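> No sequence on hand, only this structure:
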């Protein structure tokens, strides 16, 4: 009977996929198909949850099959991240798009990312204090106890890391290893390596124009093929969103979410406030924030459902260049740096909130101005090198709490609501990267306002 019910669920998912494919054939816009997938996935997942429960064999068996579509799509995106980052930045040099402003671009992108990380920390602090969050009375069950044991081992590797050591981790020692994504900071390492290749190309072009021209042609050919792969994968976005959100809705622990509802609400209030600040930055730059929301929403929706900034990178770059008017080189710098620097959700709001919650257990007044200022600075600096994949927020929280000599057990106590909050955090991280790209393009004069003002989203 269990096998039959699993097959029924698989057939339903396939029918929903066929429905989305029919919408594509009818030329329904990309954004409408993504939101349709989101809605259908929520409904289907909730029905599975209500009928079979979270832990039943029918649910777990069905989700295993759903993951072929959902996790398979995320893996395809992750597959193309490193080649895309490398070839796009080298290509920006061969097409003479980064020769004059590379230092200024890097400074502006990193400065905006770190600056917004500091602001997001302040927002997280205000939310935690405003909601009166308290980490003292959180319960520890079996899962939380196991999680805390794992964290005790993990904290050993991060608590003694100094700022110079964190910066050193960004520099590639083996670019071929980093091209495999072996380290949390591999993406930035690939960016740095690609920049060196690009600068070397400029030197070769001056001394040996023929060799430089041949190299540029090779890069252009590889770039064209890479972008074609990206296009093919992005067309699968509605199907990936459908499968991922179905799994989330079917397997979420709603009882635990209700139990920690105050923390969940406070977290999302902080995330929404910070997103509004992003929109205000666009307003100050004399750009229509509503236009940004419309064009960025499909990408932010995927980031929300997938919980991976790295997996969202191809969408992030496509949205910046095709829909928001950001130049190719800047879009790649902002998207790539945004994966591991200054993540507003994971490395800004989350660790700041946890620090405020546990401060009283260490005899610290969370309302103390000196503690708040110190916390904001620590969060901003510690946001260097936080990986844009699942677990990045935990890593960031461990660093901040360890630096401030605060207990880390609270990180494990929130494990039951971690996936739900991580969805919003990831979307905010991606928004921050796109905002950094837009503002940097404006400052450097490489912004295409006519592209930004276009009403429709460019199809993949």
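Nice, thanks for sending it over. Just so you know, these numbers come straight off a predicted model, no measurement behind them.
> mind checking which helix or strand of this protein has the lowest mean pLDDT?
Across the helices and strands of the chain, the lowest-confidence element by mean pLDDT, DSSP states H and E is helix 142-156, at a mean of 48.
> How many residues are close by the nearest residue to residue 405 once chain neighbours are set aside?
The shortest distance from residue 405 to any non-neighbouring residue, by CB to CB, 6 or more residues apart in numbering, is to residue 362 (6.8 Å). The C-beta positions use only the backbone N, C-alpha and C, and glycine is treated the same way. By other CB atoms under 10 Å, the residues close to residue 362 number 12.
> correct me, but residue 362 touches residue 409?
No - using CB atoms under 8 Å, residue 362 makes no contact with residue 409, being 11.8 Å away.
> How confident was the prediction at residue 269?
According to the prediction, residue 269 has pLDDT 96.
> Would you mind measuring from it to residue 313?
Between residue 269 and residue 313 the distance is 28 Å, computed by CB to CB, to the nearest Å.
> Residue 58 too?
35 Å.
> Residue 66 too?
23 Å.
> Settle it for me: which of the two has more neighbours?
Ranked by neighbour count (other CB under 10 Å), residue 66 and residue 313 place residue 313 first, with 28 against 24.
> looking at this, the more buried one is in a helix?
Yes - per DSSP: H, G, I helix; E, B strand; the rest coil, residue 313 lies within a helix segment.
> now for the longest helix seen in the chain, which elements pack on it?
Longest helix of the chain, by residue count under DSSP state H: helix 57-94. With contacts taken as 3 or more CB pairs under 8 Å, 6 or more residues apart in numbering; DSSP states H and E, helix 57-94 sits against helix 2-25, helix 30-52, helix 186-207, helix 209-234, helix 237-251, helix 309-318, helix 328-337.
> mind checking which of the ones you listed is nearest residue 125?
With respect to residue 125, and counting by CB to CB, the nearest of the helices and strands packed on helix 57-94 is helix 309-318 at 22.9 Å.
> ok and the closest one relative to helix 237-251, angle-wise?
150 degrees (axes from the mean of the first three to the mean of the last three CA atoms, to 10 degrees).
> now helix 309-318 and helix 209-234, what's the angle there?
Going by the same axes, to 10 degrees, helix 309-318 makes 110 degrees with helix 209-234.
> what's helix 309-318 in contact with?
Helix 309-318 is touched from outside by 74, 77-78, 80-81, 84-85, 88, 181, 187, 230, 233-234, 237, 298-299, 302-303, 306, 331-332, 335-336, 338-339, 343, 387-389, 392, 426, 429-430, 433-434, 458, 460, with contacts defined as CB atoms under 8 Å, 6 or more residues apart in numbering.
> pLDDT averaged over that helix, what's the number?
87.
> what separates residue 282 from residue 443, distance-wise?
In terms of CB to CB, residue 282 sits 13 Å off from residue 443.
> thinking again about what came up before, want to throw the helices and strands packed on helix 57-94 into TSV with distance to residue 117?
Formatted as TSV, the helices and strands packed on helix 57-94 follow (distance: least, CB to CB, whole Å):
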stretch	distance to residue 117
helix 2-25	36
helix 30-52	28
helix 186-207	15
helix 209-234	28
helix 237-251	27
helix 309-318	14
helix 328-337	12
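> Nearest to residue 62, out of the ones you listed?
That would be helix 2-25 among those, by CB to CB, at 4.0 Å.
> all helices of the stretch 301-450 of the chain, in order?
In the stretch 301-450 of the chain, the helices defined using DSSP state H, counting those that start in this stretch lie at 309-318, 328-337, 350-358, 369-382, 392-403, 409-413, 418-444, 449-453.
> Tell me which of these sits nearest to residue 211.
helix 328-337 (22.5 Å).
> what's that closest one in contact with?
84-85, 88-89, 91-92, 95, 97-98, 105-106, 109-110, 113, 187-188, 190-191, 313, 316-317, 320-321, 326, 433-434, 436-437, 440-441, 444, 446.
> Starting from residue 240, give me the distance back to the spatially most central residue of the chain.
Among the residues of the chain, the one closest to the centroid is residue 309, at 2.3 Å (CA atoms, centre = their mean). Computed as CB to CB, the residue 309 to residue 240 distance reads 15 Å.
> List of residues touching stretch 362-377?
118, 121-122, 125, 128-129, 352, 355-356, 359-360, 400, 404-407.
> buried stuff in that stretch?
364, 366, 371, 372, 375, 376 (16 or more other CB atoms under 10 Å).
> Between the residues you listed, which sits nearest residue 208?
Closest to residue 208, out of all of those and judged by CB to CB, is residue 376, at 50.6 Å.
> Phi and psi next, for the closest residue to the closest one other than its chain neighbours.
Nearest non-adjacent residue to residue 376, counting by CB to CB, 6+ apart: residue 121, 4.7 Å away. When read as degrees, to the nearest 10, the backbone of residue 121 gives phi -60, psi -40.
> Which pLDDT does the model give residue 57?
So, for residue 57, pLDDT stands at 90.
> I'd like to know how far it sits from residue 245.
22 Å.
> got it, and residue 44?
Residue 44 is 9 Å from residue 245, by CB to CB.
> which one of the two has more residues nearby?
residue 245 (25 against 21).
> Provide a list of residues in contact with the closest residue to that one other than its chain neighbours.
Residue nearest to residue 245 in three dimensions, not counting chain neighbours: residue 41, with 3.4 Å by CB to CB, 6+ apart. Residues in contact with residue 41 (CB under 8 Å, 6+ apart) are 16, 241, 242, 243, 244, 245, 246, 248, 249, 305.
> so what's residue 41 scoring on pLDDT?
pLDDT, read off for residue 41, is 92.
> change the start of the numbering to 564 and stick with it
Got it, first residue is 564 now, which makes that one residue 604.
> sorry, back to before: between the contacts of stretch 925-940, which is closest to residue 770?
residue 681 (44.1 Å).
> in which helix or strand would I find the closest one?
Assessed by DSSP states H and E, residue 681 sits inside helix 665-693.
> which parts of stretch 787-802 are buried?
789, 790, 793, 796, 797, 800, 801, 802.
> If you could redo that for stretch 831-846, that was the one I meant.
831, 833, 834, 836, 837, 838, 840, 841, 842, 844, 845.
> show me what contacts residue 645?
Contacts of residue 645 by CB under 8 Å, 6+ apart are 741, 742, 743, 744, 749, 750, 753.
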